[in-house]
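Asks: I'd like to go over a predicted model; first the sequence, then the structure.
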There are 2 protein chains.
Amino acid sequence: MLKNSEFVSKLRNSGLRPTKQRLKICEVLFNRDKTFHFTINDLAKNITENFNEKISLATIYNTVHAFKDKGYLKEITISSDKSYFDTNITKHHHFYDEDTNLLIDCNDNEIGRVNIKNNITGKKISSVEVLVRVASDTQNQD
Amino acid sequence: MLKNSEFVSKLRNSGLRPTKQRLKICEVLFNRDKTFHFTINDLAKNITENFNEKISLATIYNTVHAFKDKGYLKEITISSDKSYFDTNITKHHHFYDEDTNLLIDCNDNEIGRVNIKNNITGKKISSVEVLVRVASDTQNQD
DNA sequence: ATTTATATTATAATCATTCTAAACTGTTGA
DNA sequence: TCAACAGTTTAGAATGATTATAATATAAAT
C-alpha cells in the first residue's frame, strides 16, 4: 500500500520519469495489500474498464518491461502462449492450475528448499524456479 | 536408436498414420543415441539442410504437436518467445544457460527431489518442473 | 479398384509484441 | 519564467511465430 508521492520517488530513484501513465500503472499494480499475477491483457483491460482512462498498449508494454528490468515485477512463463507477471518479487515458487489457468504462489511450507548439488562449471545460478502443474483429479482417482 | 519399421508401429499404435513426412521427422528426432532439445525452427532447418527434403512448416507444427500430445515429446517453456521441445520424456529438470540460450538436462545427482509438502485441495499434481537459470559469473564474482 | 477418412501443402489469416516517427511532457538551468 | 532538450507517449504499421483454410494427395478400408 504505497501512495502517489512514494511512487514518484520510486520511479525517480530508478531513473524513470514519473509520468501520468507510469503513476497510474503503479497505482494499479502496487497500491494494494496483496501481490498478484497478471498478463499484459489483464492490465490493459483493468485500466480501461476500472479507471475509464486509456493508456496506449505500447506504453503498457514499455512500462511493464521497464518495471521488470528494474526488478519491480517478475515474469513467469507457463507456456509459450501465456506470459504472466508477478508483483511478488521475493523468491518463491508456483502452482499452476491447468483447469482454471490460475497461478498460485507457493509458501515455504508448501515446497521445501530445492537442493542444487552441482552447477554448470563457470556459471552462476541466477534463479531457481519450480512450477507445479495441478489439475482436477476426477479423471485419476488416487 | 530405432529403425523405420519400429517407427511405423509406434505411429500406428498411437493412431497416427505413418506418412513419409512423419517417418522422416521420427528419424530426425528419435534415431539417435542421445536425447536432445530443439525448437520448431531448428527442426525445419535440420530437415531442409541435412536431408535435402522439404516438409511444409504447417506439417512440422502439426507433427510436433501430435507427438507432444501422444507423449513422445515434452515441451519446455523458458520464456514467452522461445519454446523448446525435448526428446527426453522422462521426469527431469533443466539448467538454462542465459549466455548461450542452451538448455541442459539435469541428472538426479544434480538436483535433489523436490519436496511438495502441501498441494492445492482437490487437485492432482500433473508435473513438477525445476528450471535453474545460470549465467557467466564474470560480472558477479563469488 | 473404389471409396473414405486423413494428411500435406502453399498460402492467407491471426495475434501478440515490437517498431516508427510524430507529438507531447518532465526536467534542467539560464 | 521559459526555452531547450532528452525522455515518453501514441496510433498505426511492421514483424514474426503460429494457426486456419481449402485444394490436392495419400493411406487404409471395403
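Replies: That came through fine. Numbers count the residues shown, from 1 in each chain, chains lettered A, B, ... in the order given.

Asks: what residues does chain A put near DNA strand C?
Replies: Residues of chain A lying close to DNA strand C by C-beta under 7 Å from any atom of the strand are A:12, A:17-20, A:39-41, A:57-58, A:61, A:65, A:83. All C-beta spots, glycine's among them, are computed from the backbone N, C-alpha and C.

Asks: partners of residue A:94 in the sheet?
Replies: When assigned by DSSP bridges, residue A:94 has beta-bridge partners residue A:105, residue A:131.

Asks: got a pLDDT number for it?
Replies: Looking at residue A:94, its pLDDT stands at 96.

Asks: what's the local residue count around the closest residue to DNA strand C within chain A?
Replies: Closest contact between chain A and DNA strand C, by C-beta to the nearest atom of the strand, is at residue A:58 (3.7 Å). Residue A:58 has 8 neighbours, counted by other C-beta atoms under 10 Å in any protein chain shown.

Asks: quick one, phi psi at it?
Replies: Backbone torsions of residue A:58, given as degrees, to the nearest 10, read phi -60, psi -40.

Asks: so how far is residue A:81 from it?
Replies: With distances taken as C-beta to C-beta, to the nearest Å, residue A:58 is found 21 Å from residue A:81.

Asks: for residue A:33, same thing?
Replies: From residue A:33 to residue A:81 the distance is 31 Å (C-beta to C-beta).

Asks: looking at those two, which is more packed in?
Replies: The neighbour comparison of residue A:33 against residue A:81 (other C-beta under 10 Å) goes to residue A:81, with 8 against 5.

Asks: low-confidence ranges in chain A?
Replies: A:1-2, A:138-142 (pLDDT under 70).

Asks: can you pull out the helices in chain A?
Replies: A:4-13, A:20-30, A:40-51, A:57-69 (DSSP state H).

Asks: show me the contacts for the spatially most central residue of chain A.
Replies: Against the mean C-alpha coordinate of chain A, by C-alpha atoms, centre = their mean, the closest residue is residue A:86 at 1.3 Å. Residue A:86 makes contacts with A:35, A:36, A:37, A:73, A:74, A:75, A:76, A:103, A:105, as judged by C-beta atoms under 8 Å, 6 or more residues apart in numbering or on different chains.

Asks: thanks again, I'm all set now.
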